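Peer 1: Build the 3D model from these lines:
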Amino acid sequence: MVETNEEDKAATRIQAIHRGRATRHHLKKTKVEAKAATKIQAVHRGKAARRRVEALKRGEIPDPGVAKCVLFIQPEGVTYQKTLPLDKSIRELLEMLSEELQLEQNSLSLLHNGKKIKPYTNLAGCGLQDGDVAELELLVEVQQPETSAHQQTGGEEQYLEVEVDFEDGSEPRIIQVFVENVQKGQMPWLGGFRNKRTNVNYLHATCQTDRKPKVYEKDRQFSRDTQTYEVKMRTQQSVRDAGTQMARPDLLLDDNMDREMLSGRYMTSEEHHLLRVKKTIVLQRYSRGWKARKRAAELRRKREERQAFLWAEAERMQAEAEERRRAEIERRMRPRTTADFEILYNELEAWRLQETQKIKEAGLAEEERHAALQQLLHKETKLLQTIDRLKIAANGENRDVRIAHTLSDMAAPKTWEIADGTTVEVHTPFTTRSKELMQLYNGLRLPLLTTDERLDVLLHTKWTVKEFDCNLSREIVELIDREADLLNRGRNPKSMDGLRRRIANLFLQFTETPEFNPEATRYQIIAGDFEMELPVKPRYRNAKSTQTIVA
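Peer 2: Predicted structure coming up:
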């Protein structure tokens, strides 16, 4: 009976060994076939993708677009967001997700609205459109490994259930940890204990873990695994002693394995020198060729840089010439400075002389010549009137620019240098006062204001002016009251242009007076007496900037 049980156990072990070998062979064959099929599928998918990209570029097929998908991975309950194309099949999408999530493709499947999507369909067939946000379920099927021979014979359990607590406050989960019941030889005794009740020995955890091979840093540095030639091992020292025995009369030696070694042709020193010279010439030829190629590349690079520089300079000069031409045209179309008007007058004079010379050389009769000269004089008069109108417009614009620059300079903060050499900007009470007056002046010059906005500006200006009692302030207050009365009566704003210009000019004079704006002292040459009956307007370095215009 005992022998029968031993034979059954031996047969069971042999069957388990054969089944293990067959399983490993089958798995190896399956992996090779799967790898080959994967490569073939990747080649076909690459060709199809390239054909589709070319068709999209040619406009033969429309771009189906993509959808933003929120994947709920089951049974783990993890959320994963991914943008998926609508035209790719579900099989291709599962392959892409398996590569990103490091999962087996055969264990993945997609569910939409609780229904499994077929592998040969796509997301567009599920009703999704470009730009939609969809919620899908990614089902991961856990494949149970085959039962080993040890477990078939009543061994330990295949997996352990471990309860894991998470720090984010979620409920604990039970995770199955599979156990490999493979023991390699006798485990070493590294400590442990034995349960007296069950007589079970609990060994050290190191006994159940394969040790990693020791790899030293010097072995890693001097490794030849990455070389391109085959490594050959040659011994240099014999492992045992050996000797040499010469022939003698009383000793018989076996010479069957002896070989005669003949020396080659002897090379003299002259031949060796000639060989060295020949090889040296070859080396010099290659080195000189390399230097020549390097110099040629450097010369080509310099030539290209020179050509690029000349091309950029030509473009720059052409752009500058075009800019000068536009500037000259702009100076004649909209002159601003004295030099611009001088050019117009010179060109007008040259044109008049040229036309007069043409009339004199035409050989016309006296009456026709007088008529032509009279017509020329009429044209010249018209052109002079046009130049005068341009000058009036330019004077007005230049005056506004000078006034704005002066007020901005008054309201600018002071720049002080501190002990460490840096500068800081400081607003003083004088600059703050200048800034308030500048804002009021700009408000008086603003066009297209409503009645309420205009009355608000006039009221603030009146309060500012009434702080001082003089002829200028009383005149400004009187004009402000007059305009406010006209606005309340509903008068047309165009009929009050002259009044508004007068108020703005008087307030500008108020702003440029040192008694009312201390910052104006820097722009005053001769102080004025504002306690007189008639106010005297102060003189400035640029008289045109404070010139009063009466409509």
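
Peer 1: list the contacts for Ala308?
Peer 2: Taking C-beta atoms under 8 Å, 6 or more residues apart in numbering as the criterion, Ala308 is in contact with no other residue. For glycine as for every other residue, the C-beta is placed from the backbone atoms N, C-alpha and C.

Peer 1: how close does it get to Lys68?
Peer 2: The spacing between Ala308 and Lys68, counted by C-beta to C-beta, to the nearest Å, is 47 Å.

Peer 1: Ok, Leu84 next?
Peer 2: Summarising the geometry, the distance separating Leu84 from Lys68, computed by C-beta to C-beta, is 8 Å.

Peer 1: Compare the two and say which is more crowded by neighbours.
Peer 2: More neighbours sit around Leu84 than around the other of Leu84 and Lys68, counting by other C-beta atoms under 10 Å; the figures are 21 against 13.

Peer 1: For the residue nearest the centre of the chain, name its beta-bridge partners.
Peer 2: For the chain, the residue lying nearest the average C-alpha position, counting by C-alpha atoms, centre = their mean, turns out to be Thr83 (22.1 Å). For Thr83, the residues forming beta bridges with it (DSSP bridges) are Lys68.

Peer 1: Need phi/psi at the nearest residue to Glu436 once chain neighbours are set aside.
Peer 2: Closest residue to Glu436 apart from its sequence neighbours, by C-beta to C-beta, 6 or more residues apart in numbering: Thr464 at 7.4 Å. Dihedral pair for Thr464: phi -70, psi -40, per degrees, to the nearest 10.

Peer 1: contacting residues around Thr464?
Peer 2: Residues counted as contacts of Thr464 (C-beta under 8 Å, 6+ apart) are Glu436, Leu437, Leu440.

Peer 1: Do I have it right that Arg369 meets Ile359?
Peer 2: Yes - taking contact to mean C-beta atoms under 8 Å, the distance of 6.1 Å between Arg369 and Ile359 places them in contact.

Peer 1: out of the two, which sits in the more crowded spot?
Peer 2: Under the criterion of other C-beta under 10 Å, the comparison of Arg369 against Ile359 puts Ile359 first, with 18 against 14.

Peer 1: In terms of helices and strands, where is that one?
Peer 2: helix 338-361 (DSSP states H and E).

Peer 1: ok, then the element right after that helix?
Peer 2: Using DSSP H and E, the next helix or strand after helix 338-361 towards the C-terminus is helix 366-411.

Peer 1: Pull out the buried members of the contacts of Thr464.
Peer 2: Burial by neighbour count, 16 or more other C-beta atoms under 10 Å: within the contacts of Thr464 this picks out Leu437, Leu440.

Peer 1: and Glu163, helix, strand or coil?
Peer 2: Per DSSP: H, G, I helix; E, B strand; the rest coil, the secondary structure class of Glu163 is strand.

Peer 1: Pro398: neighbouring residues, count only.
Peer 2: In this structure residue 398 is Asn, not Pro. 14.

Peer 1: Please name the nearest non-neighbouring residue to it.
Peer 2: Nearest to Asn398 is Arg336, by C-beta to C-beta, 6+ apart, at 6.5 Å.

Peer 1: likewise Glu104?
Peer 2: Closest residue to Glu104 in three dimensions, ignoring its sequence neighbours and counting by C-beta to C-beta, 6+ apart: Ser98, at 6.5 Å.

Peer 1: what's the distance between the one you found and Val66?
Peer 2: The value you get for Ser98 to Val66, if C-beta to C-beta is used, is 19 Å.

Peer 1: what do you get for Pro493?
Peer 2: For Pro493, the distance to Val66 equals 59 Å [C-beta to C-beta].

Peer 1: repeat for Ile476
Peer 2: 69 Å.

Peer 1: neighbour count winner among these two?
Peer 2: Regarding Ile476 and Val66, a neighbour count based on other C-beta under 10 Å identifies Ile476 as having more, with 22 against 18.

Peer 1: Pretty sure the more buried one sits against Glu467.
Peer 2: No - taking C-beta under 8 Å as the contact criterion, Ile476 and Glu467 are not neighbours in contact, 11.7 Å apart.

Peer 1: Just the CA atoms of stretch 440-451, as PDB, please.
Peer 2: Output for stretch 440-451, consisting of C-alpha atoms alone and laid out as PDB, is shown next (Å, rounded to 0.1, in the frame of the first residue of the first chain):
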ATOM      1  CA  LEU A 440      -9.000 119.500 -15.900                       C
ATOM      2  CA  TYR A 441      -7.500 121.100 -19.000                       C
ATOM      3  CA  ASN A 442      -7.800 117.800 -21.000                       C
ATOM      4  CA  GLY A 443     -11.400 117.500 -19.800                       C
ATOM      5  CA  LEU A 444     -12.200 121.000 -21.100                       C
ATOM      6  CA  ARG A 445     -10.800 120.000 -24.500                       C
ATOM      7  CA  LEU A 446     -12.600 116.700 -24.800                       C
ATOM      8  CA  PRO A 447     -15.300 116.700 -27.600                       C
ATOM      9  CA  LEU A 448     -18.500 114.700 -27.800                       C
ATOM     10  CA  LEU A 449     -19.400 115.000 -24.100                       C
ATOM     11  CA  THR A 450     -22.900 114.800 -22.800                       C
ATOM     12  CA  THR A 451     -24.500 117.700 -21.100                       C
END
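
Peer 1: Pull out the buried residues from that stretch.
Peer 2: Buried positions in stretch 440-451, judged by neighbour count with 16+ other C-beta under 10 Å: Leu440, Tyr441, Gly443, Leu444, Arg445.

Peer 1: so who does the first one touch?
Peer 2: It refers to Leu440. The contact partners of Leu440, by C-beta under 8 Å, 6+ apart, come to Val457, His460, Thr461, Thr464, Phe507.

Peer 1: Ok, the third one next?
Peer 2: For Gly443, the contact set (C-beta under 8 Å, 6+ apart) comprises Val457, His460, Thr461.

Peer 1: What's the local residue count around the nearest residue to Thr513 once chain neighbours are set aside?
Peer 2: Nearest residue to Thr513 in three dimensions, chain neighbours excluded: Ala520, at 6.2 Å (C-beta to C-beta, 6+ apart). Applying other C-beta under 10 Å, we find 22 residues neighbouring Ala520.

Peer 1: shift numbering so it begins at 290
Peer 2: New numbering, starting at 290: the last item is Ala809.

Peer 1: quick one: contacts for Ala809?
Peer 2: With contact taken as C-beta under 8 Å, 6+ apart, Ala809 is in contact with Met699, Ser723, Thr800, Glu801, Thr802, Pro803.

Peer 1: Spell out the residue ranges of the strands in this structure.
Peer 2: For the chain, strands defined by DSSP state E occupy the ranges 355-363, 367-374, 397-401, 404-405, 422-429, 448-453, 462-467, 481-483, 490-492, 703-706, 712-715, 813-815, 828-829.
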